[in-house]
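J.: Let's see this in three dimensions:
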Amino acid sequence: MLSRTANSLFWLFRYTERADFIARILDATVRLAALPTSYGERNEWESALEAAGSAEIFRQHYGAVTEDTVRDFLAFSPHNPSSIRNCLERARTNARAVRTALTLEMWETINGAWLELKRHRNAADMSREDFARFLEWVKSVSLDFDGSAYRTMLRNDAYYFTRLGVSIERADNTARILDVKYHVLLPPTERVGGSLDYFQWTTILREVQAHTAYHWVYRESVKPWLVADLLILNKQMPRSLACCYESLVRHLDLMSDLYGRRGPAQRHASDCAARLSSMRIEEVFGRGLHEWVTEFIIDNNKLGSAIAEQYLT
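T.: Just a heads-up that it's a prediction; the model follows:
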């Protein structure tokens, strides 16, 4: 496969996964912002920017951090490379570049989403209810697109590159959600384990589609260290870091079998997966969740660079 084709497939799936992530961040933030003022002063909209990794760019183009400005920036702003609009438009551009590598169902899903997106100009014209429906639509686009790929693509190198894109993006997103909740979201005046803390963790679980899974696995009330255990170390949880790296190792190994050689990407992914497999959540909290997650995000970015150098350039 040509490296430019592999690159387009890899980023096509990273962008659709990122659009889904931004929609989930916004959905969670709208829910948290709707809490009664009796919970005190909170910083949900600043936390949304931090989770998306877009706080610095936001400050270059906007003034105050408000619901209206953050909604517009994360959903529609052309200045934000990771806005939902930019992600879906770039996904469609990459899809068009590799049209012959996609099945009909995949192309119709992403092209239809791009056409529908043109109807949505900005967040200012949307009520909270309209905006919530828009976010649900974005999440359904990502689900339909990934489902069409799973059901219709041949299991060849083209499919392997799509899985690499999904897994590395999903690992980054899950890590950022955990970091922002633990390090930024809870106000200093609110105690860990209090009612606000409980509601925030529950909202995060719902937004990563893990609320039911949490109760199946742990069968007790929501506790921060158990949520972290589910989203970091539990291989049964599709969005967990361990599950993402299991997928990365598997598909990189399939690539090495297909092309007849291993390289830095395989070694890096295997090392990260081995560390996650041998780790206990007590070790993560012992080092500090924020510090551990920061190192993981850096490591995950290094793997992305290794994949790019080995296969995409």
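J.: What segments of the stretch 101-250 of the chain are helices?
T.: 104-117, 128-152, 157-180, 195-207, 211-218, 224-232, 241-259 (DSSP state H, counting those that start in this stretch).
J.: Return the most buried member of those.
T.: helix 157-180 (a mean of 23; mean count of other Cβ atoms under 10 Å). Yep, even glycine has a C-beta here, placed from its N, CA and C like the rest.
J.: Could you tell me which other helices and strands that helix packs against?
T.: With contacts taken as 3 or more Cβ pairs under 8 Å, 6 or more residues apart in numbering; DSSP states H and E, helix 157-180 sits against helix 3-33, helix 44-52, helix 128-152, helix 224-232, helix 241-259, helix 289-307.
J.: among the helices of the stretch 101-250 of the chain, which is nearest residue 268?
T.: Distance to residue 268, taken as Cβ to Cβ, is lowest for helix 241-259 among the helices of the stretch 101-250 of the chain, at 9.1 Å.
J.: Residues touching that closest one, excluding its own?
T.: 156-157, 160, 163-164, 166-168, 170-171, 174-175, 231-237, 262-263, 265-266, 269-270, 272-273, 276-277, 296, 303, 307, 311 (Cβ atoms under 8 Å, 6 or more residues apart in numbering).
J.: could you redo the last one with a cut-off of 6 Å?
T.: With Cβ atoms under 6 Å, 6 or more residues apart in numbering as the test, helix 241-259 has contacts from 157, 160, 163-164, 167, 170-171, 232-233, 235, 237, 262, 265-266, 269-270, 272-273, 276.
J.: Pull the residues that contact the helix or strand following that helix.
T.: Next helix or strand after helix 241-259 toward the C-terminus (DSSP states H and E): helix 264-278. Identification of contacts with helix 264-278 by Cβ under 6 Å, 6+ apart yields 242, 245, 248, 249, 252, 256, 303, 306, 307, 310.
J.: Next, count neighbours for the nearest residue to residue 308 once chain neighbours are set aside.
T.: Leaving aside its sequence neighbours, residue 308 sits nearest to residue 7 (Cβ to Cβ, 6 or more residues apart in numbering; 7.6 Å). The tally of other residues near residue 7 (other Cβ atoms under 10 Å) stands at 20.
J.: ditto for residue 272
T.: Residue 272, neighbours per other Cβ under 10 Å, totals 22.
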